[in-house]
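In: Sequence and predicted structure below; questions after.
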Amino acid sequence: MNSRLVRLLAVGTAVVGLACGGDGSGVVDPMDNNNPGGGGNGGGTGFAAAVQPIFSANCALSGCHAGSSPAQGMNLSQGQAYANIVNVGRCRSAAILCRRPRLTLFVSGSPMVRRTTDLPYHVRVMLAPVALAAMASMVGVSVTHGMRAEEPHLAVRTGLKCAQCHVNRTGGGGRNDFGSAWAQTQLPSRTLAVRNRALNDWVAIGMDLRVLASATVSDATPRSEIAIQEAQVQLQARLIANVLSLYVDQTLGPGEATAREVFALWESLPLDGYVKAGKFMLPYGWRLWDDEAYVRQQTGFTYRTPDLGVEVGVEPGPLSLFVALSNGNTSSVENDSQKQVTTSAAYVGRRFRLGGSYSRNSDVDGQTDIAGGFGGFNVGPLAVLGEVDYIFDDLNDPGAAANVPPDQLVAYVEGNLLATRGLYAKVTYGYHDPNRDVIEDQRIRMRFGVEWFPTSFVQLAGFY
(Lines give C-alpha, C1' and ligand atoms only; values in the text may rest on other atoms or scores of the structure.)
Protein backbone atom coordinates (compact mmCIF):
# COMPACT_ATOMS: atom_id res chain seq x y z
CA MET A 1 0.00 0.00 0.00
CA ASN A 2 2.82 2.41 0.90
CA SER A 3 4.20 2.75 -2.63
CA ARG A 4 0.71 3.18 -4.08
CA LEU A 5 -0.03 5.81 -1.46
CA VAL A 6 2.67 7.95 -3.01
CA ARG A 7 1.94 7.27 -6.68
CA LEU A 8 -1.63 8.50 -6.35
CA LEU A 9 -0.46 12.06 -5.71
CA ALA A 10 -0.27 13.18 -9.32
CA VAL A 11 -2.64 15.69 -10.93
CA GLY A 12 -1.23 17.26 -14.07
CA THR A 13 2.05 18.89 -13.10
CA ALA A 14 1.01 19.37 -9.48
CA VAL A 15 2.47 16.41 -7.61
CA VAL A 16 2.48 16.56 -3.85
CA GLY A 17 3.56 14.07 -1.18
CA LEU A 18 5.52 14.07 2.06
CA ALA A 19 9.12 15.05 2.01
CA CYS A 20 12.55 14.04 2.98
CA GLY A 21 16.14 14.07 1.79
CA GLY A 22 17.10 16.14 -1.24
CA ASP A 23 19.56 16.61 -4.05
CA GLY A 24 20.55 20.18 -3.28
CA SER A 25 18.93 21.64 -6.38
CA GLY A 26 17.45 24.53 -4.47
CA VAL A 27 13.91 23.95 -5.71
CA VAL A 28 11.40 25.40 -3.22
CA ASP A 29 9.54 22.81 -1.17
CA PRO A 30 5.82 23.79 -0.94
CA MET A 31 5.58 22.07 2.44
CA ASP A 32 8.40 24.14 3.97
CA ASN A 33 7.13 27.10 6.01
CA ASN A 34 10.69 28.33 6.32
CA ASN A 35 11.16 28.94 2.57
CA PRO A 36 9.80 32.05 0.83
CA GLY A 37 7.01 30.93 -1.44
CA GLY A 38 6.54 27.74 0.52
CA GLY A 39 3.16 26.39 1.57
CA GLY A 40 3.35 28.19 4.90
CA ASN A 41 2.90 31.65 3.36
CA GLY A 42 -0.86 31.71 3.18
CA GLY A 43 -1.59 28.31 1.63
CA GLY A 44 -2.28 26.52 4.88
CA THR A 45 -0.42 23.40 3.68
CA GLY A 46 3.07 24.26 4.89
CA PHE A 47 5.03 21.97 7.18
CA ALA A 48 4.33 24.00 10.33
CA ALA A 49 0.65 24.44 9.49
CA ALA A 50 -0.26 21.01 8.13
CA VAL A 51 2.31 18.48 9.38
CA GLN A 52 3.78 19.67 12.69
CA PRO A 53 0.39 19.74 14.53
CA ILE A 54 -0.03 16.02 13.75
CA PHE A 55 3.46 15.27 15.05
CA SER A 56 2.92 17.36 18.18
CA ALA A 57 -0.41 15.73 19.04
CA ASN A 58 0.46 12.12 18.23
CA CYS A 59 4.22 11.60 18.03
CA ALA A 60 6.25 14.21 19.93
CA LEU A 61 5.23 12.84 23.32
CA SER A 62 7.18 11.76 26.37
CA GLY A 63 8.63 8.32 25.77
CA CYS A 64 8.04 8.55 22.01
CA HIS A 65 9.55 10.89 19.39
CA ALA A 66 10.63 13.65 21.78
CA GLY A 67 13.20 14.40 24.46
CA SER A 68 16.91 13.61 24.64
CA SER A 69 16.45 9.96 23.58
CA PRO A 70 13.57 9.88 21.08
CA ALA A 71 12.27 6.59 19.71
CA GLN A 72 14.29 5.33 16.71
CA GLY A 73 16.47 8.44 17.01
CA MET A 74 13.72 10.54 15.43
CA ASN A 75 12.84 13.76 17.28
CA LEU A 76 9.57 15.14 15.87
CA SER A 77 8.93 17.92 18.37
CA GLN A 78 8.33 21.56 17.42
CA GLY A 79 11.45 23.11 15.94
CA GLN A 80 13.14 19.72 15.49
CA ALA A 81 10.96 17.71 13.11
CA TYR A 82 11.69 19.54 9.85
CA ALA A 83 15.45 19.47 10.34
CA ASN A 84 15.34 15.78 11.21
CA ILE A 85 13.38 14.55 8.19
CA VAL A 86 14.15 16.97 5.35
CA ASN A 87 17.46 17.06 3.46
CA VAL A 88 19.02 14.25 5.49
CA GLY A 89 20.61 11.07 4.24
CA ARG A 90 19.00 7.65 4.38
CA CYS A 91 21.08 6.54 7.38
CA ARG A 92 21.24 9.74 9.41
CA SER A 93 21.40 7.79 12.69
CA ALA A 94 22.38 4.31 13.76
CA ALA A 95 18.98 4.10 15.44
CA ILE A 96 17.21 4.38 12.06
CA LEU A 97 17.14 1.11 10.14
CA CYS A 98 18.56 1.63 6.64
CA ARG A 99 16.36 -1.13 5.23
CA ARG A 100 13.11 0.48 6.34
CA PRO A 101 10.81 1.40 3.38
CA ARG A 102 11.02 5.09 2.58
CA LEU A 103 8.33 7.70 2.14
CA THR A 104 8.72 9.77 -1.01
CA LEU A 105 7.87 13.38 -1.79
CA PHE A 106 7.50 14.59 -5.36
CA VAL A 107 7.73 18.37 -5.72
CA SER A 108 6.67 19.91 -9.03
CA GLY A 109 9.14 22.29 -10.53
CA SER A 110 11.99 22.46 -12.99
CA PRO A 111 13.71 20.16 -12.53
CA MET A 112 11.47 17.83 -10.53
CA VAL A 113 12.93 16.93 -7.15
CA ARG A 114 12.45 13.50 -5.60
CA ARG A 115 13.03 13.43 -1.87
CA THR A 116 13.08 10.44 0.45
CA THR A 117 13.57 9.64 4.11
CA ASP A 118 13.44 6.75 6.55
CA LEU A 119 10.33 7.70 8.47
CA PRO A 120 8.96 5.08 10.89
CA TYR A 121 6.00 3.18 9.41
CA HIS A 122 3.44 4.58 11.88
CA VAL A 123 4.62 8.11 11.09
CA ARG A 124 4.27 7.52 7.34
CA VAL A 125 0.72 6.27 7.81
CA MET A 126 -0.13 9.23 10.04
CA LEU A 127 1.06 11.68 7.37
CA ALA A 128 -0.80 10.19 4.41
CA PRO A 129 -3.99 12.29 4.83
CA VAL A 130 -1.86 15.45 4.94
CA ALA A 131 -0.50 14.67 1.50
CA LEU A 132 -4.02 14.17 0.20
CA ALA A 133 -5.16 17.44 1.75
CA ALA A 134 -2.24 19.24 0.15
CA MET A 135 -3.15 17.83 -3.25
CA ALA A 136 -6.78 18.84 -2.81
CA SER A 137 -5.86 22.42 -1.99
CA MET A 138 -3.69 22.72 -5.09
CA VAL A 139 -6.40 21.67 -7.52
CA GLY A 140 -9.17 23.65 -5.81
CA VAL A 141 -11.11 20.71 -4.41
CA SER A 142 -13.93 21.54 -2.02
CA VAL A 143 -14.39 19.51 1.16
CA THR A 144 -17.80 18.27 2.19
CA HIS A 145 -18.31 14.74 3.45
CA GLY A 146 -16.86 11.22 3.93
CA MET A 147 -17.89 7.62 3.39
CA ARG A 148 -17.98 4.23 5.06
CA ALA A 149 -17.52 0.59 4.13
CA GLU A 150 -16.22 -2.60 5.66
CA GLU A 151 -14.09 -4.95 3.62
CA PRO A 152 -11.73 -7.03 5.81
CA HIS A 153 -9.76 -8.22 2.78
CA LEU A 154 -8.50 -4.64 2.36
CA ALA A 155 -6.96 -4.82 5.83
CA VAL A 156 -5.32 -8.13 4.93
CA ARG A 157 -4.11 -6.74 1.62
CA THR A 158 -2.56 -3.58 3.09
CA GLY A 159 -1.34 -4.98 6.41
CA LEU A 160 -3.15 -2.26 8.35
CA LYS A 161 -5.14 -2.62 11.57
CA CYS A 162 -8.86 -1.88 11.62
CA ALA A 163 -8.21 1.20 13.76
CA GLN A 164 -6.15 2.73 10.98
CA CYS A 165 -9.27 3.34 8.88
CA HIS A 166 -12.29 3.19 11.22
CA VAL A 167 -13.55 5.34 14.08
CA ASN A 168 -14.56 2.12 15.86
CA ARG A 169 -11.15 0.74 16.80
CA THR A 170 -12.27 -2.87 16.19
CA GLY A 171 -13.49 -2.12 12.66
CA GLY A 172 -16.73 -1.58 10.78
CA GLY A 173 -18.90 1.50 10.54
CA GLY A 174 -17.69 5.00 9.77
CA ARG A 175 -14.20 5.67 8.48
CA ASN A 176 -11.81 8.14 10.08
CA ASP A 177 -9.91 10.82 8.14
CA PHE A 178 -7.24 8.43 6.89
CA GLY A 179 -9.76 5.75 5.94
CA SER A 180 -11.91 8.22 4.04
CA ALA A 181 -8.93 9.59 2.11
CA TRP A 182 -7.59 6.10 1.34
CA ALA A 183 -10.99 4.86 0.16
CA GLN A 184 -11.31 7.79 -2.22
CA THR A 185 -7.83 7.63 -3.70
CA GLN A 186 -6.53 4.06 -3.48
CA LEU A 187 -9.66 1.93 -3.72
CA PRO A 188 -11.51 3.09 -6.88
CA SER A 189 -10.55 2.68 -10.52
CA ARG A 190 -10.86 6.41 -11.00
CA THR A 191 -10.29 9.08 -8.39
CA LEU A 192 -12.55 12.12 -8.39
CA ALA A 193 -12.31 15.22 -6.23
CA VAL A 194 -11.10 14.26 -2.75
CA ARG A 195 -13.82 15.04 -0.25
CA ASN A 196 -13.18 15.75 3.42
CA ARG A 197 -15.52 14.04 5.91
CA ALA A 198 -15.21 17.00 8.32
CA LEU A 199 -18.02 19.54 8.50
CA ASN A 200 -15.81 21.76 10.65
CA ASP A 201 -12.80 21.34 12.95
CA TRP A 202 -14.62 19.04 15.38
CA VAL A 203 -17.62 17.41 13.62
CA ALA A 204 -17.33 14.78 10.87
CA ILE A 205 -20.00 12.87 8.95
CA GLY A 206 -20.22 9.70 6.88
CA MET A 207 -22.99 7.85 5.08
CA ASP A 208 -23.78 4.61 3.30
CA LEU A 209 -26.60 3.48 1.01
CA ARG A 210 -26.79 -0.04 -0.42
CA VAL A 211 -29.44 -1.11 -2.93
CA LEU A 212 -29.85 -4.82 -3.66
CA ALA A 213 -31.38 -6.39 -6.75
CA SER A 214 -31.93 -10.14 -6.27
CA ALA A 215 -33.60 -12.97 -8.11
CA THR A 216 -34.53 -16.55 -7.28
CA VAL A 217 -34.32 -18.91 -10.24
CA SER A 218 -37.04 -21.55 -9.88
CA ASP A 219 -39.63 -23.18 -12.12
CA ALA A 220 -42.16 -23.20 -9.29
CA THR A 221 -41.72 -19.84 -7.55
CA PRO A 222 -39.45 -17.48 -9.50
CA ARG A 223 -38.94 -14.16 -7.80
CA SER A 224 -37.07 -10.90 -8.34
CA GLU A 225 -36.77 -7.86 -6.06
CA ILE A 226 -35.14 -4.46 -5.76
CA ALA A 227 -34.76 -3.26 -2.18
CA ILE A 228 -32.78 -0.96 0.05
CA GLN A 229 -30.40 -3.23 1.89
CA GLU A 230 -28.91 -0.63 4.17
CA ALA A 231 -29.01 3.12 4.77
CA GLN A 232 -26.68 4.51 7.44
CA VAL A 233 -25.49 7.91 8.62
CA GLN A 234 -22.54 8.34 11.00
CA LEU A 235 -21.65 11.38 13.04
CA GLN A 236 -18.46 11.90 15.03
CA ALA A 237 -17.97 14.79 17.45
CA ARG A 238 -14.29 15.20 18.34
CA LEU A 239 -14.66 16.98 21.68
CA ILE A 240 -10.98 16.81 22.64
CA ALA A 241 -8.65 16.45 19.67
CA ASN A 242 -7.13 12.95 19.47
CA VAL A 243 -8.48 12.11 22.93
CA LEU A 244 -12.27 12.19 23.41
CA SER A 245 -14.97 11.77 20.79
CA LEU A 246 -18.64 10.84 20.61
CA TYR A 247 -19.79 8.58 17.78
CA VAL A 248 -23.25 7.73 16.42
CA ASP A 249 -24.02 5.22 13.65
CA GLN A 250 -27.71 5.65 12.84
CA THR A 251 -29.68 3.15 10.76
CA LEU A 252 -32.27 4.89 8.56
CA GLY A 253 -33.59 1.74 6.88
CA PRO A 254 -34.85 -0.68 5.94
CA GLY A 255 -37.34 -0.95 8.77
CA GLU A 256 -37.50 1.45 11.66
CA ALA A 257 -34.75 3.93 12.40
CA THR A 258 -32.45 2.85 15.20
CA ALA A 259 -28.97 3.62 16.49
CA ARG A 260 -26.64 0.75 15.63
CA GLU A 261 -23.73 2.21 17.59
CA VAL A 262 -23.62 5.07 20.09
CA PHE A 263 -20.51 5.37 22.22
CA ALA A 264 -17.94 7.64 23.81
CA LEU A 265 -14.33 6.90 22.91
CA TRP A 266 -11.33 7.93 25.01
CA GLU A 267 -8.02 7.40 23.20
CA SER A 268 -4.32 8.31 23.56
CA LEU A 269 -3.86 5.95 26.51
CA PRO A 270 -0.62 4.00 27.13
CA LEU A 271 0.24 1.23 24.64
CA ASP A 272 -1.95 2.96 22.05
CA GLY A 273 -4.89 2.12 24.28
CA TYR A 274 -8.49 3.29 24.49
CA VAL A 275 -11.71 2.93 26.47
CA LYS A 276 -15.13 2.80 24.82
CA ALA A 277 -18.52 2.91 26.55
CA GLY A 278 -22.03 2.76 25.14
CA LYS A 279 -23.66 0.66 22.43
CA PHE A 280 -21.31 -1.02 20.01
CA MET A 281 -20.53 -4.17 18.04
CA LEU A 282 -18.58 -6.66 20.13
CA PRO A 283 -14.94 -7.44 19.20
CA TYR A 284 -15.08 -11.00 17.88
CA GLY A 285 -13.47 -12.47 14.76
CA TRP A 286 -13.64 -10.77 11.38
CA ARG A 287 -16.05 -7.85 11.03
CA LEU A 288 -17.66 -9.25 7.88
CA TRP A 289 -20.28 -7.15 6.13
CA ASP A 290 -22.24 -10.31 5.23
CA ASP A 291 -24.35 -11.08 8.32
CA GLU A 292 -25.57 -14.26 6.64
CA ALA A 293 -22.13 -15.87 6.75
CA TYR A 294 -22.27 -18.84 9.13
CA VAL A 295 -19.45 -17.49 11.31
CA ARG A 296 -21.52 -14.35 11.94
CA GLN A 297 -25.04 -15.77 11.85
CA GLN A 298 -24.45 -18.70 14.22
CA THR A 299 -22.09 -16.96 16.65
CA GLY A 300 -24.43 -13.95 16.88
CA PHE A 301 -21.75 -11.31 16.23
CA THR A 302 -23.43 -9.38 13.42
CA TYR A 303 -24.19 -5.79 12.51
CA ARG A 304 -27.73 -6.36 13.77
CA THR A 305 -26.66 -7.43 17.26
CA PRO A 306 -24.70 -4.66 19.00
CA ASP A 307 -24.71 -4.62 22.79
CA LEU A 308 -24.43 -2.14 25.66
CA GLY A 309 -21.23 -2.21 27.65
CA VAL A 310 -17.64 -1.11 28.12
CA GLU A 311 -14.63 -2.05 25.99
CA VAL A 312 -10.92 -1.51 26.56
CA GLY A 313 -8.11 -2.17 24.13
CA VAL A 314 -4.38 -1.78 23.59
CA GLU A 315 -2.52 -1.99 20.28
CA PRO A 316 1.24 -1.79 20.87
CA GLY A 317 3.25 -2.32 17.70
CA PRO A 318 1.89 -5.25 15.66
CA LEU A 319 -0.32 -6.53 18.50
CA SER A 320 -3.99 -5.85 19.20
CA LEU A 321 -5.95 -6.89 22.30
CA PHE A 322 -9.59 -6.03 23.01
CA VAL A 323 -11.82 -6.95 25.95
CA ALA A 324 -15.52 -6.02 26.23
CA LEU A 325 -17.94 -6.45 29.13
CA SER A 326 -21.57 -6.15 28.01
CA ASN A 327 -25.13 -7.02 29.04
CA GLY A 328 -25.23 -10.02 26.74
CA ASN A 329 -28.76 -9.46 25.46
CA THR A 330 -28.09 -7.60 22.18
CA SER A 331 -29.21 -4.23 23.58
CA SER A 332 -32.53 -5.49 24.96
CA VAL A 333 -33.68 -4.57 28.47
CA GLU A 334 -31.37 -6.19 31.02
CA ASN A 335 -33.20 -8.61 33.32
CA ASP A 336 -30.40 -10.19 35.39
CA SER A 337 -26.94 -9.50 36.83
CA GLN A 338 -25.09 -11.82 34.44
CA LYS A 339 -22.83 -10.35 31.78
CA GLN A 340 -21.08 -11.29 28.56
CA VAL A 341 -17.30 -11.15 28.22
CA THR A 342 -15.85 -10.94 24.72
CA THR A 343 -12.16 -10.74 23.90
CA SER A 344 -10.04 -10.78 20.78
CA ALA A 345 -6.28 -10.70 20.21
CA ALA A 346 -4.24 -10.62 17.01
CA TYR A 347 -0.79 -10.20 15.56
CA VAL A 348 -0.87 -7.94 12.49
CA GLY A 349 2.00 -8.16 10.04
CA ARG A 350 2.54 -6.69 6.60
CA ARG A 351 1.95 -10.00 4.83
CA PHE A 352 -0.21 -11.89 7.31
CA ARG A 353 -2.20 -11.70 10.50
CA LEU A 354 -3.25 -14.31 13.02
CA GLY A 355 -5.66 -13.97 15.93
CA GLY A 356 -8.12 -15.62 18.24
CA SER A 357 -11.41 -14.69 19.92
CA TYR A 358 -13.39 -15.94 22.89
CA SER A 359 -16.80 -15.08 24.32
CA ARG A 360 -18.80 -16.28 27.33
CA ASN A 361 -22.40 -15.12 27.69
CA SER A 362 -23.88 -16.08 31.05
CA ASP A 363 -27.48 -15.91 32.27
CA VAL A 364 -29.51 -17.52 35.06
CA ASP A 365 -29.87 -20.78 33.12
CA GLY A 366 -26.23 -21.29 32.12
CA GLN A 367 -23.72 -19.97 29.64
CA THR A 368 -22.78 -20.07 25.99
CA ASP A 369 -19.10 -20.24 25.10
CA ILE A 370 -17.70 -19.43 21.68
CA ALA A 371 -14.03 -19.83 20.84
CA GLY A 372 -12.30 -19.45 17.51
CA GLY A 373 -9.38 -18.34 15.44
CA PHE A 374 -9.06 -16.03 12.46
CA GLY A 375 -6.33 -14.87 10.13
CA GLY A 376 -5.31 -13.92 6.63
CA PHE A 377 -2.40 -13.42 4.27
CA ASN A 378 -1.62 -11.67 1.01
CA VAL A 379 0.51 -12.84 -1.91
CA GLY A 380 0.82 -10.44 -4.81
CA PRO A 381 -2.71 -9.55 -6.01
CA LEU A 382 -4.32 -12.29 -3.87
CA ALA A 383 -5.67 -11.77 -0.34
CA VAL A 384 -7.07 -14.71 1.64
CA LEU A 385 -8.81 -14.60 5.02
CA GLY A 386 -10.60 -17.16 7.14
CA GLU A 387 -12.21 -17.93 10.49
CA VAL A 388 -13.26 -21.05 12.40
CA ASP A 389 -15.43 -21.06 15.57
CA TYR A 390 -16.69 -23.66 18.02
CA ILE A 391 -19.98 -22.99 19.85
CA PHE A 392 -20.95 -24.90 22.98
CA ASP A 393 -23.53 -24.42 25.76
CA ASP A 394 -23.72 -25.51 29.38
CA LEU A 395 -26.82 -25.40 31.61
CA ASN A 396 -26.76 -24.88 35.37
CA ASP A 397 -29.50 -27.47 35.96
CA PRO A 398 -28.09 -31.01 35.51
CA GLY A 399 -31.64 -32.32 35.07
CA ALA A 400 -32.06 -30.25 31.94
CA ALA A 401 -29.20 -31.92 30.07
CA ALA A 402 -31.58 -33.15 27.39
CA ASN A 403 -32.34 -29.51 26.51
CA VAL A 404 -28.73 -28.45 26.05
CA PRO A 405 -28.21 -27.17 22.48
CA PRO A 406 -25.73 -29.29 20.52
CA ASP A 407 -22.16 -28.15 19.98
CA GLN A 408 -21.65 -26.44 16.64
CA LEU A 409 -18.71 -25.81 14.33
CA VAL A 410 -18.64 -23.00 11.75
CA ALA A 411 -15.97 -21.88 9.33
CA TYR A 412 -15.42 -19.26 6.64
CA VAL A 413 -12.81 -18.79 3.91
CA GLU A 414 -12.64 -15.87 1.49
CA GLY A 415 -10.33 -15.23 -1.43
CA ASN A 416 -9.99 -11.86 -3.19
CA LEU A 417 -8.04 -11.34 -6.39
CA LEU A 418 -7.19 -7.81 -7.50
CA ALA A 419 -7.76 -8.04 -11.25
CA THR A 420 -6.98 -4.39 -11.88
CA ARG A 421 -7.22 -1.26 -9.83
CA GLY A 422 -10.71 -1.05 -8.32
CA LEU A 423 -11.86 -4.46 -9.61
CA TYR A 424 -11.88 -7.54 -7.37
CA ALA A 425 -12.90 -11.13 -8.03
CA LYS A 426 -14.17 -12.78 -4.85
CA VAL A 427 -15.10 -16.31 -3.79
CA THR A 428 -16.34 -17.32 -0.33
CA TYR A 429 -16.86 -20.70 1.31
CA GLY A 430 -18.99 -21.20 4.43
CA TYR A 431 -19.29 -24.35 6.54
CA HIS A 432 -21.75 -25.14 9.32
CA ASP A 433 -22.02 -28.33 11.37
CA PRO A 434 -25.15 -27.72 13.49
CA ASN A 435 -24.62 -30.83 15.64
CA ARG A 436 -21.20 -32.34 16.22
CA ASP A 437 -22.82 -35.60 17.36
CA VAL A 438 -24.70 -36.15 14.12
CA ILE A 439 -22.91 -37.40 11.03
CA GLU A 440 -23.57 -35.85 7.63
CA ASP A 441 -25.76 -32.93 8.71
CA GLN A 442 -23.26 -30.30 7.58
CA ARG A 443 -24.23 -27.35 5.44
CA ILE A 444 -22.09 -25.58 2.86
CA ARG A 445 -22.63 -22.19 1.26
CA MET A 446 -20.51 -20.75 -1.54
CA ARG A 447 -20.58 -17.39 -3.27
CA PHE A 448 -18.56 -16.02 -6.15
CA GLY A 449 -18.65 -12.79 -8.07
CA VAL A 450 -16.97 -9.44 -8.62
CA GLU A 451 -16.79 -6.12 -6.81
CA TRP A 452 -16.00 -2.95 -8.72
CA PHE A 453 -15.26 0.50 -7.32
CA PRO A 454 -15.51 2.57 -10.53
CA THR A 455 -15.13 5.96 -8.81
CA SER A 456 -14.94 7.37 -5.34
CA PHE A 457 -18.06 6.63 -3.25
CA VAL A 458 -19.45 4.00 -5.67
CA GLN A 459 -19.30 0.24 -5.31
CA LEU A 460 -20.94 -2.21 -7.74
CA ALA A 461 -21.08 -5.93 -7.01
CA GLY A 462 -22.59 -9.03 -8.57
CA PHE A 463 -22.63 -12.43 -6.83
CA TYR A 464 -24.11 -15.86 -7.35
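Out: Thanks, I have it.
In: just checking, Lys279 is part of a strand?
Out: Yes: under DSSP: H, G, I helix; E, B strand; the rest coil, Lys279 sits within a strand.
In: What's the local residue count around it?
Out: The tally of other residues near Lys279 (other C-beta atoms under 10 Å) stands at 19. Using the backbone N, CA and C atoms, a C-beta is placed for each residue, glycine as well.
In: One more: the one 3 residues further on?
Out: Residues lying near Leu282 (other C-beta under 10 Å) number 28.
In: for it, helix, strand, or coil?
Out: coil.
In: Pull the contacting residues for it.
Out: 301, 306-307, 309, 311, 324, 326, 340, 342, 359 (C-beta atoms under 8 Å, 6 or more residues apart in numbering).
In: Closest to Leu160 out of those?
Out: Of all those, Leu160 sits closest to Glu311, with 20.2 Å by C-beta to C-beta.
In: what about that closest one, neighbour count?
Out: 26.
In: cool, and Glu256?
Out: Glu256 has 7 nearby residues by other C-beta under 10 Å.
In: Give me the three-state assignment for it.
Out: Glu256 - assigned by three-state DSSP - is coil.
In: And it, how close does it get to Thr305?
Out: Separation of Glu256 from Thr305 (C-beta to C-beta, to the nearest Å): 16 Å.
In: Hmm, Phe178 and His166 touching each other?
Out: No: contact criterion C-beta atoms under 8 Å: His166 and Phe178 do not qualify, at 9.6 Å.
In: what's the closest of the contacts of Leu282 to Val243?
Out: So of these, ranked by how close each gets to Val243 (C-beta to C-beta), first place is Glu311, at 16.8 Å.
In: next one: phi and psi at that closest one?
Out: Reported as degrees, to the nearest 10, the phi and psi values for Glu311 are phi -130, psi 140.
In: What's the per-residue pLDDT of the residue lying closest to it once chain neighbours are set aside here?
Out: Leaving aside its sequence neighbours, Glu311 sits nearest to Ala324 (C-beta to C-beta, 6 or more residues apart in numbering; 4.0 Å). At Ala324 the predicted local confidence, pLDDT, stands at 98.
In: Repeat that for the one 4 residues further on.
Out: The score at Gly328 is 89. That number is its pLDDT.
In: Phi, psi for it please.
Out: phi 80, psi 20.
In: Neighbours of it, how many?
Out: 24.
In: do Val438 as well
Out: 10.
In: got it, and Pro254?
Out: 11.
In: what's the span of stretch 170-187, first residue to last?
Out: Counting by C-alpha to C-alpha, to the nearest Å, you get 21 Å between the two ends of stretch 170-187.
In: what's the spacing between that stretch and its chain's center?
Out: 6 Å (C-alpha atoms, centre = their mean, to the nearest Å).
In: quick check: mean pLDDT across it?
Out: Mean predicted lDDT for stretch 170-187 stands at 89.
In: the strands in the stretch 51-200 of the chain, which residues?
Out: In the stretch 51-200 of the chain, the strands defined using DSSP state E, counting those that start in this stretch lie at 103-107, 113-117.
In: name the helices or strands packed onto whichever strand or helix holds Asn416?
Out: Asn416 is located in strand 408-420, with elements delineated by DSSP states H and E. Contacts defined by 3 or more C-beta pairs under 8 Å, 6 or more residues apart in numbering; DSSP states H and E place strand 408-420 against helix 152-158, helix 294-297, strand 382-395, strand 423-433.
In: Adding distance to Asp365 and mean neighbour count, write these out as JSON lines.
Out: Converted to JSON lines, the helices and strands packed on strand 408-420 look like this (distance: least, C-beta to C-beta, whole Å; neighbours: other C-beta atoms under 10 Å):
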{"stretch": "helix 152-158", "distance to Asp365": "34", "mean neighbour count": "22"}
{"stretch": "helix 294-297", "distance to Asp365": "22", "mean neighbour count": "23"}
{"stretch": "strand 382-395", "distance to Asp365": "6", "mean neighbour count": "19"}
{"stretch": "strand 423-433", "distance to Asp365": "24", "mean neighbour count": "18"}
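In: Mind putting those into CSV with distance to Arg190?
Out: CSV is the format used below for these (distance: least, C-beta to C-beta, whole Å):
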stretch, distance to Arg190
helix 152-158, 18
helix 294-297, 32
strand 382-395, 22
strand 423-433, 12
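In: residues near Val314, how many?
Out: Neighbour number of Val314 under other C-beta under 10 Å is 15.
In: Show me what it is bridged to.
Out: Leu321 (DSSP bridges).
In: so it touches Thr343, yeah?
Out: No: assessed by C-beta under 8 Å, Val314 is found out of contact with Thr343, at 12.0 Å.
In: hey, what's in contact with both of the two?
Out: Leu321.
In: any low-confidence regions in this structure?
Out: 1-47, 49-50, 57-58, 61-63, 68-69, 71-73, 86-150, 331-336, 397-403 (pLDDT under 70).
In: so what strands line up beside the lengthiest strand in the chain?
Out: Assignment by DSSP state E gives strand 223-240 as the longest strand of the chain. Sheet pairing here is set by DSSP bridges, and for strand 223-240 it gives strand 203-216 (antiparallel), strand 244-253 (antiparallel).
In: will you turn these into CSV that also has distance to Thr191 and mean neighbour count?
Out: Formatted as CSV, the strands paired with strand 223-240 follow (distance: least, C-beta to C-beta, whole Å; neighbours: other C-beta under 10 Å):
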stretch, distance to Thr191, mean neighbour count
strand 203-216, 18, 15
strand 244-253, 26, 18
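In: Lys426: which of these is closest?
Out: strand 203-216 (16.1 Å).
In: For the closest one, give me every contacting residue.
Out: So strand 203-216 is contacted by 145-149, 174-175, 177, 180, 197-199, 222-238 (C-beta under 8 Å, 6+ apart).
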